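Asks: the following comprises the amino acid sequence and a computationally predicted model.
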Amino acid sequence: MTGQVLYLVVCGAGPAKRIDVMVRLAQEEGWVVHCIATPAAAEHFLDLAALAELTGNPVRTTYRKAGDRSLPPADAVIVVPATYNTINKWAAGIADTYALNQLAELTGLGVRIVVLPFVNRALAANRVFVRSVEALRAEGVRVLFGPGEFEPHPPRTGDRVLDTYPWKLALAAATAK
C-alpha cells in the first residue's frame, strides 16, 4: 500500500472538524493523502494550514492556477463527511464546485470511491436522498449507508455522535479490493 494516493473530499459537516483522525489513520496505512475541500468545509470547519501541514500537501479548494502542480492520480477516494448537499448534487451531475467536478470526473474514470455520509434521519428520509444514494451505487460508488454502516442520527444531535463516527469503516472500504 505504501505510496498509494488517497483523495479525501471533505464536506461541510461536524466530523470535518476532526478530519485529522481520518488523515492519520490513512497515513498509518501508508497512504499519501491529498485533501479537497468543499467551500462549506473550507470556510466553516477546517484549518487549511494545519491540514496542509499534516498531509504535507496543499488543500485544494478550487481549480489550480497556471503553474500550480496537478494532483497525482488517485488510487482511491473517500468522501467524508458526505453531506446531503454533496451527495444529491453529485448524483444529479451538478459540478458547480471544484470538489464536485473532481467527483464527477473520478466517477467517470472508475476510480474506487467510498462515501461516508453524515446526515440526520429527516434528511435521509427524503426520497431525493434515497434516489441519490442508489444512483451513486449504480455508478460503482461504495456508499456506506444503512445497517452496520453509517446510520443517520436524530435531527440536531450531530454533535453528540461525533465520537462514534466510523472513520475506520471508510478506510477499510477504500482499502478493500
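Replies: That came through fine.
Asks: C-alpha only now, for contacts and for neighbours.
Replies: Will do.
Asks: pretty sure residue 6 contacts residue 72?
Replies: No - if you go by C-alpha atoms under 8 Å, residue 6 and residue 72 don't touch, sitting 9.6 Å apart.
Asks: neighbour count: these two, which is higher?
Replies: residue 6 (27 against 12; other C-alpha atoms under 10 Å).
Asks: mind checking how far stretch 30-43 is from the chain centre?
Replies: 8 Å (C-alpha atoms, centre = their mean, to the nearest Å).
Asks: and stretch 116-124, by the same measure?
Replies: Here stretch 116-124 is found 14 Å from its chain centre; the criterion is C-alpha atoms, centre = their mean.
Asks: equivalent analysis for stretch 131-147, please.
Replies: Its chain's C-alpha centre lies 13 Å from the corresponding centre of stretch 131-147 when counted by C-alpha atoms, centre = their mean.
Asks: residues contacting that stretch, please?
Replies: Applying C-alpha atoms under 8 Å, 6 or more residues apart in numbering, the contact partners of stretch 131-147 are 87-88, 91-92, 107, 110, 112-117, 150-151, 170, 173.
Asks: by neighbours, which of those wins?
Replies: Counting neighbours by other C-alpha under 10 Å, the top entry in the contacts of stretch 131-147 is residue 117, with 28 neighbours.
Asks: is that one in a bridge, and if so with what?
Replies: residue 82 (DSSP bridges).
Asks: now do it against residue 167, distance only.
Replies: 11 Å (C-alpha to C-alpha, to the nearest Å).
Asks: strands - which of the contacts of stretch 131-147 land there?
Replies: In strands, judged by DSSP state E, the following of the contacts of stretch 131-147 are found: 112-117.
Asks: how about residue 39, phi and psi?
Replies: When read as degrees, to the nearest 10, the backbone of residue 39 gives phi -60, psi -40.
Asks: so where is this protein shaky, pLDDT-wise?
Replies: 1-2, 177 (pLDDT under 70).
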